[in-house]
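Trainee: Build the 3D model from these lines:
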Amino acid sequence: MKYFHEKIEAKWQQYWAENQTFAASNNSDKPKYYVLDMFPYPSGAGLHVGHPLGYIASDIVARYKRHKGFNVLHPQGYDSFGLPAEQYAIQTGQHPEKTTRENIARYREQLDKIGFSFDWSREVRTSNPDYYKHTQWIFIQLFNSYYCKHSDQAFDISELIKVFETEGNEMVDAVCDDNVEIFTASQWNSFSSEEQQKILLKYRLTYLAETEVNWCPALGTVLANDEIVNGVSERGGHPVIRKKMTQWSMRISAYAERLLQGLDTIDWTESLKESQRNWIGKSVGASVDFRLQNAEGSISVFTTRPDTIFGVTFMTLAPEHELVSQITTPEQKAAVDAYVEATAKRSERERMADVKTISGVFTGAFAEHPFTKEPIPVWIGDYVLAGYGTGAVMAVPCGDERDYAFANFFKGQNGMPEIKNIFNQDISEAAYGEKGGFELVNSDFLNGLGYKDGTKKVIEELEKIGQGKGKTNYRLRDAVFSRQRYWGEPFPVYYVNGLPQMIDAKHLPIVLPEVEKYLPTEDGQPPLGNATNWAWDSINNKIVSNEFVTLSAVEGQSSNGVYPLELNTMPGWAGSSWYWMRYMDAHNEGEFASADALKYWENVDLYIGGSEHATGHLLYSRFWNKFLKDRGYAPTEEPFKKLINQGMILGMSAFVHVYLLNTRIKDEFNKGNIAIDHPKRELFFVSKESYDQIIKGETPDEVENWISKKYGNKIERNFDLICSSNDVIKRHVDVSLLLGITDELNIDAFRLDNRYNDLKDVILLNEEETYICSREVEKMSKSKYNVVNPDDICNDYGADTLRLYEMFLGPLEQAKPWNTAGITGVSGFLKKLWRLYFDDNGLIVTDAEPSAEMYKSLHKTIKKVTEDIENFSFNTSVSQFMICVNELAQMKCNHRKILEPLAIIVSPYAPHIAEELWSQLGHEGSISTVDFPVFEEKYLVESEKEYPVSFNGKMRFTIKLPLDLTKEQIQEIVMADERTIAQLAGNTPKNIIIVPGKIINLVG
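Mentor: Numbers count the residues shown, from 1 in each chain. Predicted structure coming up:
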């Protein structure tokens, strides 16, 4: 009976689907285990073999936990809002919903082929209205909440309004904007409704504000920092500029300290935690106000080194700082404007990463030192960011390398004084940036103090004069929550007099309208501005045509209760910031999940996904979870107990190397016998070695030989000029154009491929007319033509082979290259496993009692696989399976007591073959919930030892003896052995060395 993976895998995938084998229950006496993968964005390209890596690992754990008696929730869905579908809609006019639906169907087909034990009954799609109605509801809760610093949690905004009505805001300790004015209760009660709404916007956890954003003109939208790579958009590589826009923002900064502290309570890698710590960026120091000279107002700075205040030599503002335009003198205006414009073209990440470039411009303005009253020149520089701290720094060159470099670069220019040294240390070559080992000098009342005492003293003095105080600052900024695109969640918001009003939750979802164009409108409005039915009838509570928006003489007031709806949509991270909770109760129409379901599942026990989400999705998810916990909806403070970042499976890219040769052929047979040159261009395939030679300006032998053979002396050339890097091409070639699993190029297919039309006449230099491509390990991607489709692997070798091979490649967390050639070994292992159970005539399993060695091999494997899964070391389990099957094959094991538990322990890794083996062994139903075999130590306890018996140090034979024998008993048995008698030939050994359990040596 042969192993046919196609029939077996199709059979069991159908069985699982029909019987809902992996559907989890919200009411179970079993302990719960929630294992989750970061759900995919369904791109048009589908899956390549790198994508399932984390899914296979999580599936192994999910299957193992079911065997161990857990009620396992292992769901899957789709993060289905996204720019690619919208860009495709712009290009083709096809609705993003149709594109997304088709892509999801393709993903589902591929995922099913690999045999994942997902509970598909709980599938979610973030772009479905029945899902995003709850995203809209959460947004409303955020809008209707504020953060109380005293209680360190969020409360309903109505609680804050009660305080305002009775006490005003002077004693309110809440997170809010910086520019909130103090008012009394009587003043609050006398404010108009609009005035009150404007004040409340300064406290709400989601609010409207004019914000510096990353604007991508080509995509027509704002991008988050994590959506920008090297100054361009991650999607499409388009330029990004800094621009001020009125945007919705999330007050994530209110949770900065809790986000930091929570990292100590979760089982994540230290590198991932450190990424979040750095992104949050906690700093302890002081805020200081420097009053402007000859102008109203002041410049506020945050510094972690207030002890260095007497070393302030100049100040630097971010080019986007609101004061720049106000304080710049007429003489400096042109230079400042030009610098501001240039800086707007660089992303914040690019500016932060560029530590070598020194640039800046003097504004012509001066601030006043809080203590000495000396004038301090004010500069702008792109190394200062408007969104970090206050967007201004007090520059102390003697104590900061960047300030030191800046001061020296502009030394002698107008507005740059000499560097002041306030340390009893030499700063002639570099700044002194240490926090210890110095005493302050030239620092008035701080002289003789160090860092700690100096910091404490200067804060006291700043508070006395009302120009500063101690402060803790965070780099984490509020998250911009608006996107100027169509394919995203609509906001449940309409505007009255320009102020946002929430639509009542009972009228959700607010569904995306149909539009003719997916581009921004001609007047620059987001794509929803193209909708004709996008206004809110506040009387009848429904969406109506825009034509009904009629404003009265009172600006912004509707004469019929119909108001404009928000034109922006939510960002891509909105739907992914709470989706794990929807899986807990996916079909609940009334709420995102019931209290009972949330209480039962609590949070995710194991989360697997990429480390690239460290400062995006993973941070936003923790923020939303903490907020929902504050408001009584989420049961736990953290969403993900344990997180593993899977490594990347890299592609083996294939390359052709082409040499362009310019030759001139002599024509000696023309009239008059005058030589005429005919230029000729020829393309050659050259080897990687020849390519490297040409790059160096050398002539490869294979080219030289071919030219000499074809043209003889009819060719003139100057290889010193011809053989240059300008005449060689290194081109990616699709790995599907290689012959089988070799590196040989399929020449015929290559010449017919339209992607390589410019190379179809390329010449092959060898007589066999073959070409071997060079290979390099790179990121697997469509653009590099190195994508391997998992469908092909499943068709050719089987899903179980794919699952085992991906785990066998190496540790889950590490990057590793894919090599299709290596998959044959794993395929062969499964066939060998099958042959333990079957021969050509069918099942050969017997009920005979196994030998001790068979039990030993099995229990070594049970022990190893159990430990490996518990420690997420899946690659070494596959190695152990191979060792075990080889050992059992050598022992000709076909014993039920060995092969039944073997099928179970293989099941998490290769579920299809395991199911079939279990069924053929006579069992009903699925193997998926059968108890996992328990390791028994007794089978590994050695009762015998095979001793090497040596004579004068040379081993002559071995003898197997019980381990509990004494030295005397061992000696008696060995001396009586006929092999010993023959070796001694009548002689008596002078010494007999016996170490029980180790060696026997007879010395003559």
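Trainee: For the spatially most central residue of the chain, give me the backbone phi and psi.
Mentor: When C-alpha atoms, centre = their mean is applied to the chain, the residue found nearest the centroid is Glu612 (2.2 Å). Per-residue torsions, Glu612: phi -70, psi -10 (degrees, to the nearest 10).
Trainee: Tell me the spacing between it and Lys688.
Mentor: Separation of Glu612 from Lys688 (C-beta to C-beta, to the nearest Å): 32 Å. The C-beta positions use only the backbone N, C-alpha and C, and glycine is treated the same way.
Trainee: and if you look at Asp964?
Mentor: Asp964 sits 63 Å away from Lys688, going by C-beta to C-beta.
Trainee: Same question for Gly50.
Mentor: 25 Å.
Trainee: Settle it for me: which of the two has more neighbours?
Mentor: Gly50 (23 against 16; other C-beta atoms under 10 Å).
Trainee: what sits against Phe143?
Mentor: 157, 204-207, 500, 502 (C-beta atoms under 8 Å, 6 or more residues apart in numbering).
Trainee: try 6 Å
Mentor: Counting by C-beta atoms under 6 Å, 6 or more residues apart in numbering, Phe143 touches 204, 206, 502.
Trainee: what sits against the nearest residue to Gln187 once chain neighbours are set aside?
Mentor: Spatially, and ignoring its direct neighbours in sequence, Gln187 is nearest to Gly168 (6.8 Å; C-beta to C-beta, 6 or more residues apart in numbering). Neighbouring residues of Gly168 by C-beta under 6 Å, 6+ apart: 183-185.
Trainee: Please pick the buried ones from those.
Mentor: For the contacts of Gly168, a burial check counting by 16 or more other C-beta atoms under 10 Å picks out Phe183.
Trainee: Restricted to helices, list the contacts of Gly168.
Mentor: Ala185 (DSSP state H).
Trainee: Which member of the contacts of Gly168 is positioned nearest Thr532?
Mentor: Phe183 (42.8 Å; C-beta to C-beta).
Trainee: Surely Met1 is in contact with Gly842?
Mentor: Yes. Counting by C-beta atoms under 6 Å, Met1 does reach Gly842; the two are 5.0 Å apart.
Trainee: Please render the contacts of Gly168 as a markdown table that adds pLDDT and distance to Thr532 to the earlier fields.
Mentor: Listed next are the contacts of Gly168 as a markdown table, based on pLDDT from 0 to 100; distance: C-beta to C-beta, whole Å:
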| residue | pLDDT | distance to Thr532 |
| --- | --- | --- |
| Phe183 | 97 | 43 |
| Thr184 | 97 | 47 |
| Ala185 | 97 | 46 |
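Trainee: Just send the contacts of Gly168 back as a markdown table, with distance to Gln197 too.
Mentor: Listed next are the contacts of Gly168 as a markdown table, based on distance: C-beta to C-beta, whole Å:
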| residue | distance to Gln197 |
| --- | --- |
| Phe183 | 14 |
| Thr184 | 19 |
| Ala185 | 18 |
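Trainee: Between the contacts of Gly168, which sits nearest Gly236?
Mentor: Of the contacts of Gly168, the one sitting nearest to Gly236 (C-beta to C-beta) turns out to be Phe183, at 47.7 Å.
Trainee: Against Leu160, how distant is the closest one?
Mentor: Distance from Phe183 to Leu160, by C-beta to C-beta: 13 Å.
Trainee: and what of Lys709?
Mentor: 89 Å.
Trainee: Looking at those two, which is more packed in?
Mentor: Neighbour totals were compared for Lys709 and Leu160, and Leu160 leads with 22 against 9 (other C-beta under 10 Å).
Trainee: Report the mean per-residue pLDDT for the helix or strand where the more buried one lies.
Mentor: Using DSSP states H and E, the element containing Leu160 is helix 157-167. Mean pLDDT, computed over helix 157-167, is 97.
Trainee: next one: stretch 700-714
Mentor: 71.
Trainee: Same question for stretch 642-662.
Mentor: pLDDT averaged over stretch 642-662 gives 90.
Trainee: got it, and stretch 896-908?
Mentor: Rounded mean pLDDT across stretch 896-908 is 98.
Trainee: May I see the buried residues of that stretch?
Mentor: 897-908.
Trainee: Redo those residues as a markdown table? Include distance to Leu259.
Mentor: Below are the buried residues of stretch 896-908 laid out as a markdown table (distance: C-beta to C-beta, whole Å):
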| residue | distance to Leu259 |
| --- | --- |
| Lys897 | 53 |
| Ile898 | 51 |
| Leu899 | 51 |
| Glu900 | 49 |
| Pro901 | 46 |
| Leu902 | 46 |
| Ala903 | 46 |
| Ile904 | 42 |
| Ile905 | 40 |
| Val906 | 42 |
| Ser907 | 40 |
| Pro908 | 35 |
